[in-house]
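Undergrad: Sequence first, then the predicted structure, then my questions.
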Amino acid sequence: MKTMDTVKIGVIGIGNMGASHSMNISAGKIPQLELGAVADGIPERRTWAEQNLPSEVRVFDNGKALIHSKTCDAILIAVPHYEHPALAIEAFNAGLHVLCEKPAGVYTKEVREMNAAAEKSGKVFGMMFNQRTNCLYRTMHDIVAGGSMGAIKRVSWIVTDWYRTQNYYNSGKWRATWAGEGGGVLLNQCPHQLDLLQWICGMPSKIRAFCHNGKWHDIEVEDDVTAYLEYPNGATGTFITSTADAPGTNRFEITLEMGKLVCENNTLTQFLLAENERTFCKTALGGFDRPPQCAEKIIETDGKNEQHVGVLKAFTAHILQGSPLIADGKEGILGLMLSNGMHLSSWLDTTVAVPFDEDLFLRELNKRRENSRSK
Ligand SMILES: NC(=O)c1ccc[n+]([C@@H]2O[C@H](COP(=O)([O-])OP(=O)(O)OC[C@H]3O[C@@H](n4cnc5c(N)ncnc54)[C@H](O)[C@@H]3O)[C@@H](O)[C@H]2O)c1
């Protein structure tokens, strides 16, 4: 039997992101990955494809037609979030591999069905969590997972450097509406940070959040969020985000038993104690003694940060050689559980235990979709 030496991929949705993926693939930036087809419902986008992509790339006017065209081995889904699960399920049932843009979907109930379809098909399923290729976050992940700094005590991520103008929100019909997008900064800008948060620190068991809708922009969804998290080991966390702070901040700080990791301004700093703080606290003789801090150092990483191209390379290599993915598709549900949990907590004005009632979440979301402002 002839073994596959290339993967043909079809990109569904060639707006901002899909066009960029199509250009990267057709420029040959991913060895052994070929662009077989693209699809978009908007005629101008298809004209763009005909004018800018190689002539052999087939162009379809909808994702389903591409999936059933037998032109590709895999698809890359780059359409608005609500449509991700349905297209992925259609592709798995047609025997195709799937790489899905973030977020996995808008609500976890449907993403669970997507994960089940992936499992049943046996096909490769990856998520476009390109921030996992960033050397700083990979290093944080490895240090925490390696256990040398002990258990996590506190997590704090302020990511308020997602500044967006009113013009941005006016630029797309689906953007920033409950019916079109299913959320605001949590669903559009933060899926990367929410994935990294769960990838590096694990999942919290409780969430209390305050999401302010249209606080800084004329939009119906949230543009300002403060969330408090509790983890199974007793650690606590905060996640703060906004699209209106100028200048914004991006500071991800994890305090552990052996010190602290701080990722800010493209630098990862480690504060490493000589002794475990928990042991020190219980055994120190003086009331005001402090754990001796032995080192504050900027961590050297491998400097690699391949972003979207890196995710595509790993997806292709996984199909052809079985090497690891950057992010397994089935992990997409975890970051979405965080944002769904934050929304639900804010809507109900209460603390939400994780996992939460997914039917209740969908009922609450649907209320907002029914009253969504049409653009
Ligand atoms: N990974 C990242 O860094 C990153 C960055 C930006 C956007 N995204 C994600 O990519 C997705 C798309 O975002 P965008 O900014 O490119 O949106 P966009 O509106 O610019 O493009 C979406 C395109 O999909 C097309 N489309 C919708 N339904 C379709 C269907 N069924 N078949 C074919 N085409 C269809 C639309 O006509 C549109 O051209 C979103 O889920 C977003 O979260 C990811």
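TA: Arrived safely, thanks for sending. As the structure is a prediction and not an experimental result, all values here were calculated from the model.
Undergrad: drop to CA atoms for contacts and neighbour counts, all remaining ones
TA: Fine.
Undergrad: quick one: contacts of the helix or strand residue 342 falls within?
TA: Here residue 342 sits within helix 332-348, counting by DSSP states H and E. Contacting residues not belonging to helix 332-348 are listed as 102-108, 111-112, 127, 186-187, 191, 194-195, 197-198, 203, 207-211, 227, 351-352, 354-356, 361, 364 [C-alpha atoms under 8 Å, 6 or more residues apart in numbering].
Undergrad: buried sites along it?
TA: Under the neighbour-count criterion of 16 or more other C-alpha atoms under 10 Å, helix 332-348 has 332-346 buried.
Undergrad: which is the next helix or strand following that helix?
TA: Past helix 332-348, the next helix or strand by DSSP H and E is strand 352-353.
Undergrad: List the strands paired with that next one, with their directions.
TA: Note on strand 352-353: by DSSP bridges, its sheet partners are strand 206-213 (antiparallel).
Undergrad: by how many degrees do the partner strand and helix 332-348 diverge?
TA: Strand 206-213 runs at 70 degrees relative to helix 332-348, counting by axes from the mean of the first three to the mean of the last three C-alpha atoms, to 10 degrees.
Undergrad: which of the buried residues of helix 332-348 lies closest to residue 67?
TA: Taking C-alpha to C-alpha as the measure, residue 67 lies nearest residue 332 of the buried residues of helix 332-348, at 21.6 Å.
Undergrad: And the closest one, how far from the ligand?
TA: 12 Å (C-alpha to the nearest ligand atom, to the nearest Å).
Undergrad: which residues does residue 252 bridge with?
TA: Beta-bridge partners, per DSSP bridges, of residue 252: residue 157, residue 263.
Undergrad: Also residue 152?
TA: residue 256.
Undergrad: list the contacts for it?
TA: 201, 235, 254-257.
Undergrad: neighbour-wise, which of these leads?
TA: Compared across the contacts of residue 152, residue 256 has the highest neighbour count, 25 neighbours, by other C-alpha atoms under 10 Å.
Undergrad: continuing past the least confident helix or strand in the chain by mean pLDDT, what's the next helix or strand?
TA: Lowest mean confidence among the helices and strands of the chain (mean pLDDT, DSSP states H and E): strand 293-298, at a mean of 88. Once strand 293-298 ends, the next helix or strand along the chain (criterion: DSSP H and E) is helix 307-321.
Undergrad: residues of that following helix that come out buried?
TA: In helix 307-321, counting by 16+ other C-alpha under 10 Å, buried: 308-319.
Undergrad: nearest to the ligand, of those?
TA: Proximity of these to the ligand (C-alpha to the nearest ligand atom) peaks at residue 308, which lies at 6.9 Å.
Undergrad: what's the distance between that closest one and residue 188?
TA: 17 Å (C-alpha to C-alpha, to the nearest Å).
Undergrad: do residue 312 as well
TA: Taking C-alpha to C-alpha, one finds residue 312 at 21 Å from residue 188.
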